[in-house]
Structures are given as structure tokens and as C-alpha cells.
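Visitor: below is the sequence, then the predicted model.
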Amino acid sequence: MRLTLIIGPTEKAAARLRNIMGQKREALAAQGVLAPEWNHVRLYAACAEPEAVGLLRYRRGLDSALVGATLREELAATIARDLEGTGADHVVMAAAQLGNLLSAPAELTRLRDLLSVHFDDIRIVAHLDEQARLLAAHYAFAVTEGRRHPLSRELSLAEGGDWWDATRAMAATEDAPDVGLFRDIQAPPFWLDYAALHAHWARVFGAENVSFRPLDAAFLASAEGAAELDALLALHRPLGPVKPGRVIGPIPAPWLERMRRFNEVLIRYLQVK
């Protein structure tokens with residue numbers, strides 16, 4: 001059985017694709033494609049390194065070092081149950097946390113070992129936009145979640161050095177959840193190094209099974225957005241129109257700067273208190 005695993009890395013795109021799959025679940029099933037409602041956050045947490053506690057795991061109460069093994073057992077049972085008797089030969093799932101939070105080779109090995117029991121053909125797909133645009137969107141998100149560092153950190157890093165290794169090293173120093181320091185919020189996004197991102201996934205799943213597609217956020221949010229799934233899944237019949245998604249404009253730069261400076265003050269206060 002084939003699995004098409006959409007790994008983001010942007011959550012907005014993955015969430016929109018999940019929304020489209022939900023609207024077209026019956027139409028997909030009619031073409032032999034199952035779009036299960038498996039919990040993508042728990043799938044990420046099941047494979048994450050025990051010590052890699054980001055904001056999402058912390059908020060969901062999945063920060064224990066023992067939670068990974070428990071979640072893997074739970075997901076293995078869920079997948080087996082949901083696949084039984086479906087008649088589908090293709091499964092599709094969108095989980096951006098896999099692409100934007102799993103940066104260690106061991107994490108992808110856990111993911112492969114969990115999924116390969118049920119699927120003999122696993123295809124990895126990432127949707128990518130121009131890096132400056134994605135960096136700006138990620139920075140705005142991070143500031144709203146407590147980031148204290150200015151964007152100049154990324155700009156300096158981009159001038160030289162190994163982005164992937166440097167950002168992962170920075171992330172390791174940003175682990176203090178009790179004072180609001182989370183590696184995925186404070187450190188630059190490692191996944192913006194697209195060549196390294198491809199190599200990272202190819203080492204575990206095979207280069208021939210990892211592909212990148214252009215991200216057109218406006219088109220995806222439109223009534224014609226399901227056409228992306230038509231092409232991605234090589235469907236015989238188009239899924240047709242869907243309800244348009246909600247488009248939210250960018251946060252003004254002055255607001256972001258005030259928010260970032262307040263984050264810095266608040267974190268210093270928490271460190272003292």
C-alpha cells in the first residue's frame with residue numbers, strides 16, 4: 001500500500017490540505033484514496049527525540065521522555081485498525097510538524113519504522129515557497145509565540161556557514177520551557193536549507209521517494225485549491241471546487257517589533273522570578 005506523506009513544512013499549507021481532504025473525503029475514497037484523520041501532532045511527538053521539547057509538545061502535555069514509545073504503540077494500533085477492510089490502496093496525510101520539527105536522523109528512522117509496517121511505498125512531499133517569504137511568515141509566527149531575537153539573527157547566519165547545522169546548534173541552547181524558551185520558537189528554522197532538507201529525508205526514505213512542489217498559498221486557499229491534490233495524487237477524476245480557505249494578512253512590522261521587545265522583557269522577568 002502507498003502512503004503519500006505531506007510534510008509541510010508550513011502548517012498553514014498542511015492545514016489547508018487537511019481541510020480540502022476533509023471536504024473531499026468521500027470523493028477521494030471513491031478513487032481508492034484514504035484520507036484518515038490520524039492525529040498529526042501525536043505522530044510528530046511519537047518520533048521526536050525525547051529531549052527535543054518544543055512549544056507544541058509542551059502545550060499538549062507531550063513533554064515526558066517516556067511519551068514517545070507510548071504514542072508509537074497507540075498509533076501502530078490506530079493505523080492497523082483504520083486500514084483494515086477499507087479497500088483503499090493509497091493513503092494521504094498532511095503533517096507539517098514532521099517537516100519543520102524533526103531534524104535529527106533518529107527521528108526519521110522512528111517515523112519510517114512506524115510506517116513501514118503498514119506501507120511498502122512511502123512518498124514524501126514538501127511544499128516550498130521562496131525562502132525569504134517563508135522566513136518572514138515564520139518570524140511573524142514565532143514572535144506571536146514568544147520569540148525574543150530579532151530577524152537580524154537569520155540574516156547574519158545566511159551570509160555564511162552551514163545553515164542546517166548552525167540552526168540546530170542554536171536550537172540546543174534554547175531549552176527552558178519554564179521561562180518561555182522553546183527551541184522551535186527562538187532558533188532560526190533549520191528547514192529553510194532546502195538542499196539539506198531533501199538530503200535529510202532522502203537518507204532515510206530514499207531520494208527517489210522525496211519530492212518538492214511549489215507552494216502557491218493563494219491558489220491553495222481558493223475554491224480551485226483541490227487541484228493540487230489532483231496533481232499530487234495523480235487522480236483520474238478532478239475533485240472539483242471546495243470551500244475557499246480563510247486568508248489572513250501579514251502583521252504590520254511595527255507591531256511585530258513591539259511584541260518582540262515585550263517578549264524579551266517578559267522572559268528576563270521570568271528568569272529572575
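Guide: Arrived safely, thanks for sending.
Visitor: okay, buried residues for stretch 68-87 please.
Guide: Of the residues in stretch 68-87, 68, 71, 72, 75, 76, 79, 82 count as buried by neighbour count, 16 or more other CB atoms under 10 Å. Any C-beta I mention is one placed from the backbone N, CA and C, and that applies to glycine too.
Visitor: tell me the one among those nearest to residue 19.
Guide: Of all the buried residues of stretch 68-87, residue 19 sits closest to residue 82, with 19.6 Å by CB to CB.
Visitor: pretty sure that closest one contacts residue 38?
Guide: Yes: at 7.4 Å, residue 82 and residue 38 qualify as touching, with contact defined as CB atoms under 8 Å.
Visitor: element containing residue 123, please.
Guide: strand 121-128 (DSSP states H and E).
Visitor: also residue 257?
Guide: Here residue 257 is assigned to helix 253-272, by DSSP H and E.
Visitor: over to residue 166?
Guide: helix 163-172.
Visitor: measure how far that helix is from the centre of its chain, please.
Guide: The chain centre lies 18 Å from the centre of helix 163-172; the measure is CA atoms, centre = their mean, to the nearest Å.
Visitor: buried set for it?
Guide: 163, 164, 166, 167, 168, 170, 171.
Visitor: what does stretch 23-39 give?
Guide: 23, 24, 27, 28, 31, 33, 34, 35, 36, 39.
Visitor: with stretch 239-254 instead?
Guide: 239, 242, 245.
Visitor: all the helices of the stretch 101-250 of the chain, residue numbers only.
Guide: 105-116, 131-144, 152-158, 163-172, 183-186, 194-205, 217-221, 227-232 (DSSP state H, counting those that start in this stretch).
Visitor: quick check, central residue of the chain?
Guide: residue 96 (1.8 Å; CA atoms, centre = their mean).
Visitor: using the three-state scheme, assign the closest residue in space to that one that isn't next to it in sequence.
Guide: Nearest non-adjacent residue to residue 96, counting by CB to CB, 6 or more residues apart in numbering: residue 8, 2.7 Å away. What DSSP: H, G, I helix; E, B strand; the rest coil gives for residue 8 is coil.
Visitor: please report phi then psi for residue 8.
Guide: For residue 8, the backbone dihedrals are phi 80, psi -120 (criterion: degrees, to the nearest 10).
Visitor: residue 223 too?
Guide: Per degrees, to the nearest 10, the backbone of residue 223 is at phi -70, psi -20.
Visitor: so how far is the helix or strand bottoming out on mean pLDDT in the chain from its chain's centroid?
Guide: The weakest-scoring helix or strand in the chain, judged by mean pLDDT, DSSP states H and E, is helix 152-158 (a mean of 89). Averaging C-alpha positions (CA atoms, centre = their mean) puts helix 152-158 22 Å from its chain's average.
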